[in-house]
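Visitor: Please find the sequence and the predicted model below.
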Amino acid sequence: MKKNIAIIMGGYSSEYKISLKSGNVVYDTLSPEKYNAYRIHIFKDKWFYVDDHGAEFPVNKNDFSVTVEGAKITFDCVFNAIHGSPGEDGFMQGYFKLLNIPHTSCGMYQASLTFNKRDCLSVLKPYGIKTATSFYLNLGDTINEKAIVDKVGLPCFVKANKAGSSFGVTKVYNQEGLQSAIETAFKEDDEIIIESFLDGTEVSVGVISFNGETKVLPITEIVSENDFFDYEAKYLGKSQEITPARLTPEQEMKVTAEAKKIYEILKMKGFSRSEFIFKDNEPHFLEMNTIPGLTRESILPQQAKAAGISLSELFENAIEDALK
């Protein structure tokens with residue numbers, strides 16, 4: 001009997017439009033011979049199933065079901081395609097755990113931890129994972145610009161701590177630019193991380209659970225036309241994404257081992273995409289995305305294709321892995 005798969009998309013963050021694209025690619029890719037797929041839109045004001053004609057049917061949050069023409073539909077598995085909150089920060093994972101519904105993403109704790117850049121870096125440092133020098137600020141803290149520059153140097157990056165990797169990020173070149181960058185980051189989150197600039201090759205490394213094993217995908221080199229890999233570079237074509245990356249065999253070996261080590265330290269499952277920058281020939285970890293973009297142009301699907309894994313194999317493996 002075919003399984004009912006809920007593809008959740010949208011979300012509460014600035015990345016909801018990208019999530020809708022990702023979710024629709026999953027919907028268009030899954031085989032109707034194998035699965036009954038349902039697009040479930042998750043927004044702050046309403047959760048609903050949208051059918052092929054655009055009709056909307058509300059989700060019953062008590063048991064995550066929908067009723068269509070008098071028939072109640074429940075789901076065997078949830079495919080999580082929500083970037084940002086509440087799909088990438090642990091909330092949906094906790095909700096589905098309470099309802100005992102399998103889902104394709106990592107666990108609640110892993111999602112919450114990796115979404116919090118500061119906490120994730122703190123957990124990994126004792127394991128010898130190299131990172132940029134960082135400075136933390138919370139909303140309401142006294143801002144000592146000199147102390148920030150003394151610690152992280154210039155240029156530096158000011159980032160919202162819990163807001164994905166595309167919003168609330170500014171590259172700052174002088175002390176005078178810190179205030180406006182901090183204000184920009186606080187629009188996305190009440191916590192900030194300020195990091196030293198690492199001048200080197202930036203790479204993105206996909207690590208997934210595939211056929212029951214941890215698999216590191218071919219590495220992607222990021223060459224941004226903009227000052228850094230910002231929203232425009234990531235989603236509006238203002239970057240070159242070169243797969244496989246132009247790394248030396250030594251660099252490739254180091255970053256592959258590091259990405260796998262981080263995935264396993266954090267007891268991850270499902271999809272992940274970790275970002276690194278090489279400094280002094282050593283990969284420095286920036287962050288991990290646990291619900292990476294899944295459009296045909298997105299990095300993880302590009303990497304899977306380079307590994308000989310089709311989109312349908314990638315998505316179906318995630319579902320079957322969750323169902324086990």
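Guide: On my side now, so go ahead.
Visitor: quick one: residue 1 from residue 75, how far?
Guide: According to Cβ to Cβ, to the nearest Å, residue 1 and residue 75 sit 14 Å apart. For the C-beta atoms, the positions are set from N, CA and C on the backbone; glycine is no exception.
Visitor: End to end on stretch 185-200, go ahead and measure it.
Guide: 24 Å (Cα to Cα, to the nearest Å).
Visitor: List of residues touching it?
Guide: Identification of contacts with stretch 185-200 by Cβ atoms under 8 Å, 6 or more residues apart in numbering yields 14, 116-118, 132-139, 148, 152-163, 167-171, 182, 277-279, 284, 286.
Visitor: What's the first helix or strand after the least confident helix or strand in the chain by mean pLDDT?
Guide: Lowest by mean pLDDT, DSSP states H and E among the helices and strands of the chain is helix 231-235, with a mean of 49. Scanning forward in sequence from helix 231-235, with DSSP states H and E defining helices and strands, the next element found is strand 239-242.
Visitor: and that following strand, what does it pack onto?
Guide: For strand 239-242, the helices and strands in contact under the criterion 3 or more Cβ pairs under 8 Å, 6 or more residues apart in numbering; DSSP states H and E are strand 220-224.
Visitor: OK, contacts around the closest residue to residue 212 other than its chain neighbours?
Guide: When the adjacent residues along the chain are set aside, residue 212 lies closest to residue 321, with 7.4 Å between them (Cβ to Cβ, 6 or more residues apart in numbering). Residue 321 sits next to 104, 209, 212, 269, 270 when contact means Cβ under 8 Å, 6+ apart.
Visitor: Report the separation between the third one and residue 102.
Guide: Plainly put, residue 212 is 15 Å away from residue 102 if you go by Cβ to Cβ.
Visitor: that older thread, so which of the contacts of stretch 185-200 are in strands?
Guide: Applying DSSP state E to these, the entries found in strands are 134-138, 156-160, 169-171, 277-279, 284, 286.
Visitor: related to what we said a few turns ago, more crowded one of residue 212 and residue 102?
Guide: For residue 212 and residue 102, the more surrounded residue by other Cβ atoms under 10 Å is residue 102, and the numbers stand at 16 against 10.
Visitor: ok, which stretches of the stretch 1-150 of the chain are strands?
Guide: With DSSP state E, counting those that start in this stretch as the definition, the stretch 1-150 of the chain shows strands at residue ranges 3-10, 35-42, 47-50, 56-60, 65-68, 71-73, 77-80, 134-138.
Visitor: out of those strands, nearest to residue 20?
Guide: Using Cβ to Cβ as the criterion, the shortest distance between residue 20 and those is 5.2 Å, found for strand 3-10.
Visitor: what's the closest one packed up against?
Guide: If you count contacts as 3+ Cβ pairs under 8 Å, 6+ apart, strand 3-10 packs onto helix 16-29, strand 35-42, strand 77-80, helix 311-323.
Visitor: Centre of the chain to it, how far?
Guide: Taking Cα atoms, centre = their mean, to the nearest Å, one finds the center of strand 3-10 at 18 Å from the center of the full chain.
Visitor: Find the residue at the geometric middle of the chain.
Guide: Centrality entry for the chain: nearest residue to the mean C-alpha point is residue 289, 2.7 Å, by Cα atoms, centre = their mean.
Visitor: Would you mind measuring from that residue to residue 201?
Guide: Note on residue 289: its distance to residue 201, by Cβ to Cβ, is 19 Å.
Visitor: Tell me which residues of stretch 136-149 come out buried.
Guide: For stretch 136-149, the buried set under the neighbour-count rule, 16 or more other Cβ atoms under 10 Å, comprises 137, 148, 149.
Visitor: Report how far apart the opening and closing residues of it are.
Guide: As for stretch 136-149, its first-to-last residue distance stands at 12 Å under the measure Cα to Cα.
Visitor: What pLDDT does the model give residue 188?
Guide: If you check residue 188, the pLDDT there is 89.
Visitor: Figure out the length between the terminal residues of stretch 122-142.
Guide: Length of stretch 122-142, first residue to last, Cα to Cα: 23 Å.
Visitor: Go ahead and name everything in contact with it.
Guide: By Cβ under 8 Å, 6+ apart, the list of residues contacting stretch 122-142 from outside reads 113, 118, 121, 143, 147-148, 151-153, 157, 161, 182, 186, 190-198, 258, 261-262, 265-266, 277, 279, 282-286.
Visitor: distance between it and the chain's centre?
Guide: That offset, for stretch 122-142, works out to 19 Å (Cα atoms, centre = their mean).
Visitor: tell me the mean pLDDT for it?
Guide: Mean pLDDT, taken over the full extent of stretch 122-142, equals 97.
Visitor: and what of stretch 75-94?
Guide: Stretch 75-94 shows a mean pLDDT of 97 in the predicted model.
Visitor: can you give me the helices for the stretch 51-200 of the chain?
Guide: Applying DSSP state H, counting those that start in this stretch to the stretch 51-200 of the chain gives helices spanning 91-99, 108-115, 117-124, 145-152, 178-186.
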